[in-house]
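Q: Build me a model:
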Amino acid sequence: MKIGMVASHYPHAAHREEFIARVHRVAEEFRRTPGCLSAECWLSDDAVISIVQWESENALTASLATVQAAGLDLAYDEREARPREIVRLMAS
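A: Purely as a prediction, here's the structure:
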């Protein structure tokens, strides 16, 4: 069963371009992992939105572990104006 994740990030205006670059780097790493079907960065007026799809829950778990092991900057911190909103999805 396909699994998806939509994460909305709300960087302060001074960190928006840096945050967009961070999300693109993470998406590139996700796309390299087995079972990742797509990883994209979208923008709205106030948010940087990452949308990722995997072929299975196991692929998601392995993909997240790979991205974390790559040492990419995933931490929520003071560069963000408010907490992230993360929604996990399952294909029906």
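Q: Which parts of this structure are helices?
A: 16-32, 57-69 (DSSP state H).
Q: These: which one's closest to R79?
A: helix 16-32 (6.8 Å; CB to CB). Heads up, the C-betas are built off the backbone N, CA and C, glycines and all.
Q: Mind putting the helices of the chain into CSV with distance to E40, mean pLDDT and mean neighbour count?
A: What follows is the helices of the chain, written out as CSV (distance: least, CB to CB, whole Å; pLDDT from 0 to 100; neighbours: other CB atoms under 10 Å):
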stretch, distance to E40, mean pLDDT, mean neighbour count
helix 16-32, 6, 95, 16
helix 57-69, 14, 94, 16
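Q: Can you lay out those as JSON lines showing distance to Y76?
A: Shown next, in JSON lines, are the helices of the chain (distance: least, CB to CB, whole Å):
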{"stretch": "helix 16-32", "distance to Y76": "11"}
{"stretch": "helix 57-69", "distance to Y76": "14"}
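Q: Out of these, which gets nearest to R82?
A: helix 16-32 (13.0 Å).
Q: Just the CA trace of that closest one, in CSV.
A: The C-alpha trace of helix 16-32 is given here as CSV (Å, rounded to 0.1, in the frame of the first residue of the first chain):
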residue,chain,number,x,y,z
ARG,A,16,12.8,31.2,3.8
GLU,A,17,15.4,30.7,1.0
GLU,A,18,17.7,28.7,3.3
PHE,A,19,14.7,26.5,4.3
ILE,A,20,13.7,25.9,0.6
ALA,A,21,17.3,24.7,-0.1
ARG,A,22,17.1,22.4,3.0
VAL,A,23,13.9,20.9,1.8
HIS,A,24,15.3,20.3,-1.7
ARG,A,25,18.4,18.6,-0.3
VAL,A,26,16.2,16.3,1.8
ALA,A,27,13.9,15.5,-1.2
GLU,A,28,17.0,14.6,-3.3
GLU,A,29,18.1,12.2,-0.6
PHE,A,30,14.6,10.7,-0.3
ARG,A,31,14.5,10.1,-4.1
ARG,A,32,17.7,8.1,-4.0
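Q: With that, I have no additional questions.
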